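Would you be able to build a 3D model of this:
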Amino acid sequence: QIGLPGGGFGFGYGSINGIGNRDTIAPMPSLGTGKNPLGLAIPVARITDMLLSPGSTIDFNGAPMTLPDIRMVYWCGGNPFHHHQDLNRLIEGWRRPETIVVHEPWWTATARHADIVLPATTTLERNDIGASSRDRFIIAMQKAVEPVGQARSDFDIFADLSERLGFRAAYTQGRDEMAWLRHLYDEFRAGALSNRYTMPDFDTFWEQGHVEVPEADEDLVLFQNFRRDPEGHRLDTPSGKIEIYSERIAGFGYDDCPPHPTWLEPAEWLGSDKAAHHPLHLISNQPKTRLHSQMDMGPVSRAAKINGREALLIHPDDAATRGIKAGDVVRVFNARGACLAGVEVGDGIEVGVVRLPSGAWYDPEDPSRPGSMDKHGNPNVLTLDKGTSRLGQGPSAMSTLVEVEKWVGDVPPITAFQPPAMSEN
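Model (predicted):
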């Protein structure tokens, strides 16, 4: 079935919007990543290991890697206090660098844990182009309001920083924000013209707010060319073929990543001895009320919470065993941490399994105390920070055991959305 229309295999349909779309007539407007002058990078899921154990060595993709000694963190885009596992361990590592700088428009937990916060514009306060691969439209993202307060775009912040470091011209290449947008669109337009498609010029595109991108003449079928001509369209594997058994991976000798599909016992699951102390398997979904942790402070996300906290779905049998009912506040915990959550009881989940959506802003009861309980329901105070294998070193998802108990006493208020106190000095 591989290489046939409608056949083959699929994955991640919930996060890949281009499934079923034909290819576009030219690459969409996009900025290059530039060149890393040090040639040094680590798997992002190993950031805490790097901060806690500089100079230590891990295996990654067939070779040893020495984790660098990082003295400064500069974070722009993303939110590690949302997506990283075992937040209490991350906080311990986050205290090691001498300086942490963050670009943020919101007081997220990442911003709260920074030494310097540079107020960055939202998409409503800057101009941009919206486009993605195999999308039918390119959108002119025209700013709706002037930047609030001292907020500046990431581009302008980096342009001034590069000037102080002596390479503004190399960074901006002589272009400001609008000149870059025009340049990127013109690159796309030239690519379309090389395929005999004429697209509107930039001024027309910007004035009308969008352009529709013609589809390619044929459907995009994964591995179709490989099926038709395996030698002429070899895959990026050592053999050029689909490999069920990998000689290359076998040569690495990794006991946690065999060279063929194999079931390996998860670090935590209901079949392990650990379930005697933490008998519920925690899963975490993407909620329908927000994207990741974005806009968690907004009314749509907050309306879905229970008693101000993220909703924990639990089976009626598990709830009854623990004396829990819908609307209660519970403590969800294991050896790594604990959080509060509101209870939703339903039979749409298996006995022995609980679900706590990702994205609640981390809100520790006492920020000064390591391991403090999260009041808001962030599941990553509970998750295990262990690499998937020495091959990939990714995050080990859906491998967390917890216990749940009814919260007794006063429920602490949510403070995640309140700005921190400001020093006058």
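
Averaged pLDDT, the lengthiest helix in the chain. What do you get?
Longest helix of the chain, by residue count under DSSP state H: helix 177-194. Taken as a whole, helix 177-194 has a mean pLDDT of 94.

Show me what counts as buried in that helix.
177, 180, 181, 182, 184, 185, 188, 189, 191, 192 (16 or more other C-beta atoms under 10 Å). Every C-beta, even on glycine, is put in place using the N, C-alpha and C of the backbone.

can you list contacts of the helix or strand hosting residue 159?
Assigned by DSSP states H and E, residue 159 falls within helix 154-165. Outside helix 154-165, the residues within contact range by C-beta atoms under 8 Å, 6 or more residues apart in numbering are 76-77, 103, 118, 120-121, 126, 168, 170-172, 177, 180.

Tell me which two of those residues sit farthest apart.
Using C-beta to C-beta, the two most remote members of the contacts of helix 154-165 are 121 and 170, lying 23.4 Å apart.

Settle it for me: which of these two has more neighbours?
Under the neighbour definition other C-beta atoms under 10 Å, residue 121 and residue 170 were set side by side, and residue 121 has more, 23 against 10.

Quick check: phi and psi on that one?
phi -70, psi 150 (degrees, to the nearest 10).

if I look at it, how far off is residue 417?
Using C-beta to C-beta, to the nearest Å, residue 121 is found at 20 Å from residue 417.

same question, residue 294
Distance of residue 294 to residue 417, computed by C-beta to C-beta: 14 Å.

now what about the longest helix of the chain, what contacts it?
For helix 177-194, contacts defined as C-beta under 8 Å, 6+ apart pick out 25-31, 126-129, 131, 138, 153, 155-156, 175, 198-199, 201-202, 205, 213.

Show me how to select, in ChimeraX, the buried members of those residues.
Command for ChimeraX that selects the buried part of these, burial taken from 16+ other C-beta under 10 Å:
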select :25,26,28,29,126,127,128,129,131,138,153,155,156,199,202,205,213
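
among the contacts of helix 177-194, which are in helices?
Judged by DSSP H, the contacts of helix 177-194 include 155, 156, 202, 205 as members of helices.

Going along the chain, name the strands of this structure.
Using DSSP state E, the strands of the chain run over 57-60, 63-66, 72-76, 99-104, 116-119, 128-130, 137-141, 210-212, 280-283, 311-314, 329-333, 338-345, 353-355, 400-406.

could you check the distance from the residue lying closest to residue 248 once chain neighbours are set aside over to residue 363?
Leaving aside its chain neighbours, residue 248 sits nearest to residue 238 (5.5 Å; criterion: C-beta to C-beta, 6 or more residues apart in numbering). Residue 238 is 49 Å from residue 363, where distance means C-beta to C-beta.

do the same with residue 144
For residue 144, the distance to residue 363 equals 30 Å [C-beta to C-beta].

The two: who's more crowded?
A count of neighbours by other C-beta under 10 Å puts residue 363 above the other of residue 144 and residue 363, at 26 against 10.

gap between that one and residue 191?
Distance of residue 363 to residue 191, computed by C-beta to C-beta: 47 Å.

And the strands of the chain: which comes nearest residue 392?
Going by C-beta to C-beta, the one of these nearest residue 392 is strand 57-60, 8.0 Å.

Contacts for that closest one, please.
In contact with strand 57-60 (C-beta under 8 Å, 6+ apart) are residues 42-43, 46, 49, 64-67, 252, 254, 387, 390-393.

change it to 6 Å
Residues outside strand 57-60 that contact it (C-beta atoms under 6 Å, 6 or more residues apart in numbering) are 64, 65, 66, 390, 393.

That strand - what's its average pLDDT?
98.

Buried residues of it, list them for me.
Per 16+ other C-beta under 10 Å, strand 57-60 contains these buried residues: 58, 59, 60.

same deal with stretch 162-179?
Of all the residues in stretch 162-179, those buried under the rule 16+ other C-beta under 10 Å are 168, 171, 172, 177.

Same check on stretch 228-247?
Quick answer for stretch 228-247 (16+ other C-beta under 10 Å): residue 246.

CA atoms only for that stretch, dumped as CSV, please.
Output in CSV follows, covering the C-alpha atoms of stretch 228-247 (Å, rounded to 0.1, in the frame of the first residue of the first chain):
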residue,chain,number,x,y,z
ARG,A,228,7.5,3.9,-9.3
ASP,A,229,11.3,4.0,-9.4
PRO,A,230,13.1,2.8,-6.2
GLU,A,231,16.6,3.3,-7.7
GLY,A,232,15.9,6.8,-9.1
HIS,A,233,14.3,8.0,-5.9
ARG,A,234,16.3,6.3,-3.2
LEU,A,235,15.2,7.1,0.4
ASP,A,236,17.6,8.7,2.9
THR,A,237,18.5,5.4,4.5
PRO,A,238,21.8,3.6,4.1
SER,A,239,20.2,1.1,1.8
GLY,A,240,18.0,3.6,0.1
LYS,A,241,15.0,1.4,1.0
ILE,A,242,12.4,1.2,3.8
GLU,A,243,14.3,-0.6,6.6
ILE,A,244,12.4,-2.8,9.1
TYR,A,245,15.8,-3.7,10.5
SER,A,246,18.5,-1.0,10.7
GLU,A,247,22.1,-2.2,10.4
